[in-house]
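S.K.: here's my sequence, what's the structure:
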Amino acid sequence: MVNKTSKYLKYAIGEIILVVIGILIALQINNWNEARKERIKEVNLLKEINRDFTYNLEELLSLKENHTNAQKACTELQKFINNPNDKVSKSAILNYYFIAFDGGTYNPSNGVVNSLISSGD
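M.R.: Next up is the predicted model:
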């Protein structure tokens with residue numbers, strides 16, 4: 001009877017060790033999978049942020065060009081005002097006027113950043 005009990009006890013301990021090892025392996029695999037999913041999510045978010053920043057840069061450069069043109073137009077209008085005797089057509093003055101006061105505003109696209117902030121990611 002003692003011999004059977006010791007064999008059963010060894011068998012039970014072996015089974016417990018195998019189950020624990022199996023659970024640990026499963027947990028490690030799950031951790032690797034979760035980390036892989038997080039990396040994929042992070043890469044996608046970084047791509048979206050890059051897309052937003054690229055768009056914002058293009059908008060900013062376009063606005064800078066508009067403001068440079070407006071500054072040049074203001075300089076030309078100032079020349080017309082300082083020299084009222086010069087013959088200048090009304091259409092040229094109007095053209096410079098519209099360019100000078102065609103202001104644009106910079107409205108950055110920050111939807112991805114706002115969604116990250118609101119989601120807590």
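S.K.: quick one: secondary structure of residue 30?
M.R.: At residue 30 the chain is in helix, as set by DSSP: H, G, I helix; E, B strand; the rest coil.
S.K.: typo on my end, it should be residue 15
M.R.: Following three-state DSSP, residue 15 is assigned to helix.
S.K.: and it, how many neighbours?
M.R.: For residue 15, the tally of surrounding residues (other C-beta atoms under 10 Å) stands at 10. Quick note: C-beta positions are derived from backbone N, CA and C, even for glycine.
S.K.: with residue 109 instead?
M.R.: Residue 109 has 14 nearby residues by other C-beta under 10 Å.
S.K.: ditto for residue 59
M.R.: Count around residue 59 with other C-beta under 10 Å applied: 15.
S.K.: give me the pLDDT value at it.
M.R.: On pLDDT, residue 59 comes in at 92.
S.K.: could you check how far the nearest residue to residue 107 once chain neighbours are set aside is from residue 71?
M.R.: Excluding its sequence neighbours, the residue lying closest to residue 107 (C-beta to C-beta, 6 or more residues apart in numbering) is residue 59, at 7.7 Å. According to C-beta to C-beta, to the nearest Å, residue 59 and residue 71 sit 19 Å apart.
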